[in-house]
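Chemist: Dropping a prediction and its sequence here:
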Amino acid sequence: AVLVSVFALATLANALTMLDRTTRDSYLATNPAQATIETDGARELPTQAQLASLLAANQSDAKLAALAPAFQSERRVSLLGRITDPAGQWYPLVLFVIEDFRDFRVGKAGPDSGEWPPATGTMLLERTAMTLIGRSAGQRAAVLLPGIGQTEVRLSGTAHDPGLAPAWQERTVYGYISQETAAALWGKAFPLDELKLVFPIPQASAAEIRDLANRTALVLAKAGYVIHEIQVPSPRTHPHQNQMNTIIGIFLAFSLLSLVLAGVLLASLMRGLIQREKRLIGIMKTLGAGPGILLRHYLAIAFLPALAASLIALPLGMLSGRALAGVMASLLNLGEVYQDFTALPVILPLLAGLLIPALFALIPVRLASRASIREALAGPAAPPPRTRSTRFRLPRLLAMAGRNLGRRRGQLALNLGLLAIAGGLFIAALDIGTGYRKTLELAALDRAYDIEIRLDRTLPTDQALAGLLAIKGVTAAESWSRQAAYTAGDWDF
């Protein structure tokens, strides 16, 4: 029990340590945007130098004007479309039009394979997207932008963007092209309507970032830009990191509880051993053995198996932790996993594997070492005299079983505690699994539709639904429209 528990703790502690370092090295190295301001696209947003001049000229906000020269900004536009795999199946496409591949400053995607920067007329795919659609560098794929047109684009390579979820999770392809490529392929310019910002306050809180983003958007609004949305993600946190921490936290809790269970089991075994050797303890006390000698003797009996189990489990847990970190890094689309040796995820499971069982074993050992010579030599105490009841009498076998249980109440308490913890762990695991499946089922029921179609322009409801309801197999259709809105007081723009 100790071996399995320490193995689980070592696995999770090593995986968490490696993932934490990998997240910093991979995700934070992209210089993720602290805030993103989106406009209506009628006007192209200012460059970094133009934005600094615009903010510096704003005399009504001296603090923002002072910070403006140190702002980092990146302009881009995101286009929604579709792309085909070799079999002709269409996949959703998010196409990022990049301002300058050679001067990627904020939310950077890095080269993975093929050409960098992509030649005019070609497109890069995020590395997980290339696998999703079964393409390879050098092939051509059909790309459709609704309301704009369809064309074939050569895939010149792959990029790696740790800030994006893997394409296979979202079932969405991510692509990167230059402004020159967008104009060459579709014959029109796409104004850069997204402004990604990094403020010169590295450890800024979410509230500080929201305030700076709000004041920046207010200056842009006064300059004639129509602000559609401001996005402020959790600072310095990968978009899926909270999910990862929750999963590992649940596993860690179960590992610690299983180690507590092992400690209760060891305490129960030690109490049974001490009961069998109670008269031997009395003899040892008669010959001069004090409480300290007995304490060290019996704690060594409990400590040595825990030490052996921990030493076997630790290297196995370290290897397993590296494998788990690799899997989690793949789920988060991170880079190479940091695998240098770190002492903390080795020391903590080792200490837990030694101290927790020893602390539980200390309870019966301490009681036995403090018992007097007379109590030790007397053996087990006689059961209390039973009283007869004329109104209620248990069957003979059941009564004998109950009296036997009452003879060693400490052992009974340990056994009941062992069963209670084990049962609690089992029920908790079942409840978590059932709750997760139920949540997914309710989410599917709440959705209540099979296909969602988004149009590139607004249509009258009757016109939009008439063609859909005429399709064989369509039983119901409903039209919706969307409009960005904010509660009063959230933003000033």
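Modeler: Perfect, thanks for sending it.

Chemist: Could you use CA atoms for every contact and neighbour count after this?
Modeler: Noted.

Chemist: Can you read off the pLDDT for residue 80?
Modeler: The model reports residue 80 with a pLDDT of 91.

Chemist: Equivalent analysis for the one 4 residues further on, please.
Modeler: As predicted, residue 84 sits at a pLDDT of 93.

Chemist: so where do the strands sit in the chain?
Modeler: 35-39, 72-84, 90-98, 110-114, 122-126, 140-145, 149-160, 173-178, 194-198, 227-231 (DSSP state E).

Chemist: Could you list every helix and strand in contact with the third one?
Modeler: It refers to strand 90-98. Judged by 3 or more Cα pairs under 8 Å, 6 or more residues apart in numbering; DSSP states H and E, the packing partners of strand 90-98 are strand 72-84, strand 173-178, helix 179-186.

Chemist: Buried deepest among those, which one?
Modeler: strand 173-178 (a mean of 24; mean count of other Cα atoms under 10 Å).

Chemist: between it and strand 90-98, how many degrees?
Modeler: 30 degrees (axes from the mean of the first three to the mean of the last three Cα atoms, to 10 degrees).

Chemist: Can you list the low-confidence ranges for the chain?
Modeler: The chain contains residues with pLDDT under 70 at 375-394, 396, 398-412, 414, 484, 486, 488-493.

Chemist: Ok, which of the helices and strands packed on strand 90-98 comes nearest residue 144?
Modeler: strand 72-84 (5.2 Å; Cα to Cα).

Chemist: if we can go back for a sec, CSV for the strands of the chain, including distance to residue 466?
Modeler: Listed next are the strands of the chain as CSV, based on distance: least, Cα to Cα, whole Å:
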stretch, distance to residue 466
strand 35-39, 33
strand 72-84, 24
strand 90-98, 24
strand 110-114, 46
strand 122-126, 37
strand 140-145, 24
strand 149-160, 25
strand 173-178, 31
strand 194-198, 36
strand 227-231, 31
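
Chemist: What residues does the residue nearest in space to the middle of the chain make contact with?
Modeler: Centroid-nearest residue in the chain, with Cα atoms, centre = their mean: residue 244, separated by 1.4 Å. Each residue near residue 244 by Cα atoms under 8 Å, 6 or more residues apart in numbering is listed here: residue 328.

Chemist: What segments of the stretch 301-450 of the chain are helices?
Modeler: Secondary structure of the stretch 301-450 of the chain by DSSP state H, counting those that start in this stretch: the helices cover 344-370, 373-378, 396-407, 409-447.

Chemist: looking at those helices, which is buried most?
Modeler: helix 344-370 (a mean of 20).

Chemist: quick check: angle from that one to helix 409-447?
Modeler: Using the same axes, to 10 degrees: helix 344-370 against helix 409-447 is 150 degrees.

Chemist: list the helices and strands helix 344-370 packs on?
Modeler: Looks like helix 344-370 contacts helix 2-26, helix 241-276, helix 291-331 (3+ Cα pairs under 8 Å, 6+ apart).
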